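# sequence unavailable; structure follows:
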């Protein structure tokens, strides 16, 4: 039965199509795997009965010849997505037992294609974090361990549960979100593929908002092709989201495996940062070589404002978050802690309901928007953001995509970065530019470091050009031939 | 430049008032500004609330085209600049009837810019109030404090309804001017169909900004644009009747003058008007002044209007009050006063124009604005639903023009028509109310009266007013039906006047 | 721009988050550290640069004025921590 959980999404869909197994069998295998993997703390809510019911419905559909693109495939859903009737918490105490009376557009798209829900996945609280250590449900443990060691490592964040569940074969694919790197960095830390599409490609309706101008949903999966299959189902214009782009969704899977001969790939020199681990530098060079071999033209480019992306992000994101999280006040849903009066009720509810990192970011955000500081901080950051976007526009005159490392290190130990918020923020150094510019970015597992931990390479593309990323990603994946899997200790 | 009638005499000298108003008008639309829930009164609690209005997690705003259109239409009606590019901002604060913890409004870049409104005073003179801007924003829900002693109940039906906030420049100088301004703006909005103007339901309400200053200071402000010439202003929130507006201003101005005359300083604050006590009082004070942390709403993109669309709206505007009033004067020769009364409601002006076709305009206007209006008001009937149609009034007027009945008899005829006894001509026939204009008959009656009352006849030469007694007697003889003009003429001739 | 305990207290009140007195100084240090790191943005010359409000080159889509929502109080009340019939219940507010 464990063979069923080792399949790629594509292989599983093929297996369902040619009746090698039923969705019920496939789903049951996953339900068991999930139940046996609680040590990883990837799932905050398991929904086995619902999963089996959905699987049975899928088998019935397939029998009638009405199977959708994902019919019968068991998936994990990041707890940031509102799922109707199923507790959705953004891994925060403040949402309590909130059970939405509505389904997010992205997950509705998946269910419409017949996918099966295994449960809700752990994440950093309100998607604020790079290690999944801020969750109200406790940290997620990376299935990967350093060779010869048993220290618990983080899977990255905020989509730590999504990345872990895919890497530990607890689902065929997972939904995730990315605001500053929260899909790509965990994918890199867990040897999986993750793509944050162009801003506006996926609907944000029903996704608990963190930073509205940066948030974007995307898949984490085991292969580039799997990610393409998932993204195709997740994406699509949604009139309920004013920032949803009114564009057709391309057939992403058809881009995987296409020749990348002649594509120009840029290497931005500013991504070569001081103190960069030599292994990551080496992997980057390796990636360049692989793409050259595949026929790409490699071009050195400059994105001069790269280093300002992180500070700009840490103004814009907290500012928007401070406003987006104002609705969590104990009046209409979630946790309520009574106080002597209205103000006290607000203050105690939010003090008890929010974790420390969330509170820190709300305070920063409130501060930078407050009277007298708007121009100096928020407005300034949005101007710097424009310059960052302009840098990319200049680059696109010369190249079709960019290749960079995904993260400045491999997975680190739990608690290692907890003392200094800024040290934690630096995890996003390679990924955050992409959110600020609204571009698509993908992480592909490219190799292992000396400790046997996965390292990822990032591809950045032009707006709405995920297709090129899937082609290049496929080429890199082929060249890297990353077959390593975490040894099962859980 | 300063009208002495607007001065308030204080202990230490004269003071003047300076007023600016922010009118909140609920947009006439089917659905809310950013959600598809219904707008309107009378539904059960929380029955008109979309997930967006309740600020559920993950909800997003989508703007209603009609609300945008209504704002543009209103801007055009206020002779204001339409900004083809505008943006929405979040105004952040915490309150239970504000589910998002912020109100979506427009701060830096509103949809409508500068305009002006010409306002008529009671005496017929006019003054101009500059409009600074108009912007769209969400209304909040309702807090009910009286349902339970220990808590406040929240109904979000109104949350998310589209409001137009119309901000005036501080160009009003008296309570009467402020009320007249609100009345005029309301009339314009109702003409345009962009707001139903129902102040009782709170669909149109005003925040009144009041400050006082010494004579001369206001003129300096107008010349330089420098607000430091004016006094500190206080804002009186949510005043929803003309009477309350005036009472609130009167109280607040006196309050501020007293403070200043005692050597104190007026604190800039937000106040509420208590109609029971006829006072304004400070709203529950916050430790800090409101810091709304405005920033552009990242869930919404800039609003860009197609100039062709704006032009189409312009072309579709109805005739507005000022234009209609001017036309009624030139086309029908009505006085400014009469025209002014007729245009307070479009339907009334329309009624008049239908009735006045081919008729004496002044006479028709009188009937519409006096007798008909009185009956309609007493019965709480809108003129659109008047049981007496324009053609009926026209018929009545024609009877007077033809001399068939006198104006006095016409009142009786009108009452009978109103009571449902039939059309005017029919009533006159049936009741035999035709004027006696037959000079022969009248001659005879007058001769008989003079003969029977020689003393009175003689007295008239010394006291011409005494002719009234004779007129009365003739009326008595004729059951009120004598043609008053003819009677007067005959009496004068026979009494030698 | 260094943030002191008084500022933290003020900002926490604006954000309606109760911060105990003994957290104010540590938070002031943490937040000051973050703000100091952010100061490097001042190195960027942004004269004449338009702030980026959106990464998309599209404008606001408009919706038809049709009632498509609401009419179901349960849908918005079902998760309410305190309710009375179809009302949300909040602590007493004094105006």
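All right, it came through fine. Treat the numbers as computed from the prediction; the structure is a model and nothing was measured. Residues are numbered from 1 along each chain as shown, chains lettered A, B, ... in the order given.

# and the one helix or strand residue A:365 maps to, how far out from the chain middle?
Here residue A:365 sits within helix A:356-369, counting by DSSP states H and E. Helix A:356-369 has its C-alpha centroid displaced from the chain centroid by 23 Å (Cα atoms, centre = their mean, to the nearest Å).

# elements contacting that helix?
Identification of packing neighbours for helix A:356-369 by 3 or more Cβ pairs under 8 Å, 6 or more residues apart in numbering or on different chains; DSSP states H and E yields helix A:309-324, helix C:5-14, helix C:21-38. All C-beta spots, glycine's among them, are computed from the backbone N, C-alpha and C.

# neighbours around the closest residue to chain A within chain B, how many?
Chain A sits closest to residue B:101 of chain B, with a gap of 2.4 Å, by Cβ to the nearest Cβ. Residue B:101 has 23 neighbours, counted by other Cβ atoms under 10 Å in any protein chain shown.

# same thing with residue A:184?
Around residue A:184 there are 35 residues (other Cβ under 10 Å).

# pretty sure it contacts residue A:442?
Yes. Counting by Cβ atoms under 8 Å, residue A:184 does reach residue A:442; the two are 7.2 Å apart.

# Three-state assignment for residue B:76, please.
Following DSSP: H, G, I helix; E, B strand; the rest coil, the label given to residue B:76 is helix.

# I'd guessed it sits against residue B:82; true?
Yes. Contact criterion Cβ under 8 Å: residue B:76 and residue B:82 qualify, at 6.8 Å.

# shared neighbours of the two, anything?
Contact criterion Cβ atoms under 8 Å, 6 or more residues apart in numbering or on different chains; residues shared by residue B:76 and residue B:82: residue B:310.

# I'd like the next helix or strand past the helix holding residue A:365.
Later in the chain than helix A:356-369, the nearest helix or strand by DSSP H and E is helix A:380-396.

# and for that following helix, what's in contact with it?
Helix A:380-396 has contacts (Cβ under 8 Å, 6+ apart) with A:266, A:268, A:301-306, A:308-309, A:311-313, A:315-316, A:319, A:368, A:402, A:433, A:436-439, A:460, A:462, C:41-42, C:44, C:46, C:49-53, C:55.

# quick one: contacts of the longest helix anywhere in chain B?
Taking DSSP state H as the criterion, chain B has its longest helix at helix B:242-261. Residues outside helix B:242-261 that contact it (Cβ under 8 Å, 6+ apart): B:8, B:10-12, B:15, B:17, B:19, B:174-176, B:178-179, B:182-183, B:206, B:208, B:210-212, B:231, B:234, B:236, B:239, B:265-266, B:271, B:273, B:275, B:278-280.

# coming back round to it: now do the shared contacts for residue A:184 and residue A:442.
A:194, A:195, A:196, A:458.

# beta-bridge partners for the third one, please?
Just to be clear, that refers to residue A:196. On the basis of DSSP bridges, residue A:196 is bridged to residue A:441.

# and it, how many residues sit next to it?
Per other Cβ under 10 Å, the neighbour tally for residue A:196 reads 35.

# distance of it from residue B:467?
Distance, residue A:196 to residue B:467, using Cβ to Cβ, to the nearest Å: 100 Å.

# where in chain B is the helix or strand with the lowest mean pLDDT?
helix B:454-462 (a mean of 83; mean pLDDT, DSSP states H and E).

# could you list the buried residues of that helix?
Using 16 or more other Cβ atoms under 10 Å in any protein chain shown as the test for burial, helix B:454-462 gives B:456, B:457, B:460.

# closest to residue B:420 among the residues you listed?
Minimum distance to residue B:420 across the buried residues of helix B:454-462 is 42.2 Å, recorded for residue B:456 (Cβ to Cβ).

# show me what contacts that closest one?
Residues near residue B:456 by Cβ under 8 Å, 6+ apart: B:466, B:469, B:470.

# give me the buried subset of those.
If we count by 16+ other Cβ under 10 Å, those have these buried: B:466, B:470.

# list just the nearest of the contacts of residue B:456 to chain C.
The closest of those to chain C turns out to be residue B:469 (Cβ to the nearest Cβ; 66.0 Å).

# how close does the residue of chain C found nearest chain A get to residue A:385?
As assessed by Cβ to the nearest Cβ, chain A sits closest to residue C:55 within chain C, at 2.5 Å. As judged by Cβ to Cβ, residue C:55 and residue A:385 stand 9 Å apart.

# got the contact list for residue A:457?
Residue A:457 is in contact with A:283, A:284, A:287, A:403, A:404, A:405, A:406, A:443, A:444, A:446, A:476, counting by Cβ under 8 Å, 6+ apart.

# what helix or strand is it on?
With DSSP H and E as the test, residue A:457 turns up in strand A:454-461.

# strands paired with that strand, and their directions?
Counting by DSSP bridges, strand A:454-461 is paired with strand A:401-405 (antiparallel), strand A:441-448 (antiparallel).

# immediately after the first one, which helix or strand?
So the one you mean is strand A:401-405. Assignment by DSSP H and E places the next element after strand A:401-405 at helix A:421-425.

# give me the residues contacting that following helix.
Helix A:421-425 has contacts (Cβ under 8 Å, 6+ apart) with A:129-131, A:310, A:314, A:357, A:360, A:417-418, C:30, C:33-34, C:37.

# drop anything exposed from those.
Counted by 16+ other Cβ under 10 Å, the contacts of helix A:421-425 give A:129, A:130, A:131, A:310, A:314, A:357, A:360, A:417, C:30, C:34, C:37 as buried.

# so which of those residues comes closest to residue B:476?
residue A:360 (96.2 Å).

# what residues does the closest residue to residue C:4 other than its chain neighbours make contact with?
Closest residue to residue C:4 apart from its sequence neighbours, by Cβ to Cβ, 6 or more residues apart in numbering or on different chains: residue C:28 at 5.4 Å. By Cβ under 8 Å, 6+ apart, residue C:28 lies in contact with C:3, C:4, C:5, C:7, C:8.

# of those, which one scores lowest on pLDDT?
Across the contacts of residue C:28, the smallest pLDDT goes to residue C:3, namely 91.

# residues near that residue, how many?
Residue C:3 has 22 neighbours, counted by other Cβ under 10 Å.

# just say helix, strand or coil for it.
Here residue C:3 is coil, with the state taken from three-state DSSP.

# go ahead and confirm it touches residue A:367.
Yes. Between residue C:3 and residue A:367 there is a contact under Cβ under 8 Å: 6.9 Å.

# list residues touching both of the two?
Shared contacts of residue C:3 and residue A:367 (Cβ under 8 Å, 6+ apart): C:11, C:31, C:35.

# excluding chain neighbours, what is closest to the residue nearest in space to the middle of chain C?
Per Cα atoms, centre = their mean, the C-alpha nearest to the average position across chain C is that of residue C:15, at 6.9 Å. Closest residue to residue C:15 apart from its sequence neighbours, by Cβ to Cβ, 6+ apart: residue A:366 at 4.4 Å.
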